[in-house]
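Q: Sequence below, structure please.
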Amino acid sequence: MAESQVTIKGSIVPLSFNAAKCKVALRTVSNGEEVEYPILSKGAGIDFVDMVSNFVSAKCMLQECSEESCTKIHVCSYTVLDELDENDLFSPVHE
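A: Residues are numbered from 1 along each chain as shown. Prediction:
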């Protein structure tokens, strides 16, 4: 099954739970609930370890992890944002 690229906007936070190969997460709001996506420390995601508290717009691939019951993200590219628009926190735009 081919993975599709999505764009997620949110803030970089320390990971609040254990997920293999991840140190930080992208926190956003989806359907009115806060969600943390663990960021894989490869590709552009390696930069995020030093970017806690920054707002970003990340183009990424979603990676389901059944053994950890979470969805990790592999960041392909990103843009640092000055602020987030509350109406545009999470928009999984398939490109």
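Q: Give me the pLDDT value at the residue most central in space within the chain.
A: Nearest to the mean C-alpha position of the chain, counting by C-alpha atoms, centre = their mean, stands residue 26 at 3.7 Å. Per-residue confidence (pLDDT) for residue 26: 94.
Q: what does residue 90 give?
A: So residue 90 comes in at 51 (pLDDT).
Q: Could you double-check that the residue nearest to the centre of the chain sits in contact with residue 11?
A: Yes - using C-beta atoms under 8 Å, residue 26 makes contact with residue 11 at a distance of 7.5 Å. Where you see a C-beta, it was placed from the backbone N, CA and C, and this is true even at glycine.
Q: need the contact list for the residue nearest to the centre of the chain.
A: Residue 26 is in contact with 8, 10-13, 36-37, 39, 48, 56, 58, 73, counting by C-beta atoms under 8 Å, 6 or more residues apart in numbering.
Q: mind showing which ranges of this structure have poor pLDDT?
A: For the chain, applying pLDDT under 70 flags the ranges 1-3, 67-68, 85-95.
Q: Distance check, residue 69 against residue 19.
A: For residue 69, the distance to residue 19 equals 10 Å [C-beta to C-beta, to the nearest Å].
Q: An error on my part: the question was meant for residue 82.
A: Taken as C-beta to C-beta, the span from residue 82 to residue 19 is 28 Å.
Q: can you pull out the strands in the chain?
A: Listed in chain order, the strands of the chain (DSSP state E) span 5-14, 22-30, 33-40, 55-65, 70-81.
Q: residues shared between the contacts of residue 26 and residue 11?
A: Each of residue 56 lies in contact with both residue 26 and residue 11 under the rule C-beta under 8 Å, 6+ apart.
Q: ok, the spatially closest residue to residue 25 that is not a sequence neighbour - contacts?
A: Excluding the flanking residues, the one nearest residue 25 by C-beta to C-beta, 6 or more residues apart in numbering is residue 36, at 4.0 Å. Contacts for residue 36 (C-beta under 8 Å, 6+ apart) come out as 13, 15-17, 25-27.
Q: Try it again at 7 Å.
A: For residue 36, the contacting residues are 13, 16, 25, 27, by C-beta atoms under 7 Å, 6 or more residues apart in numbering.
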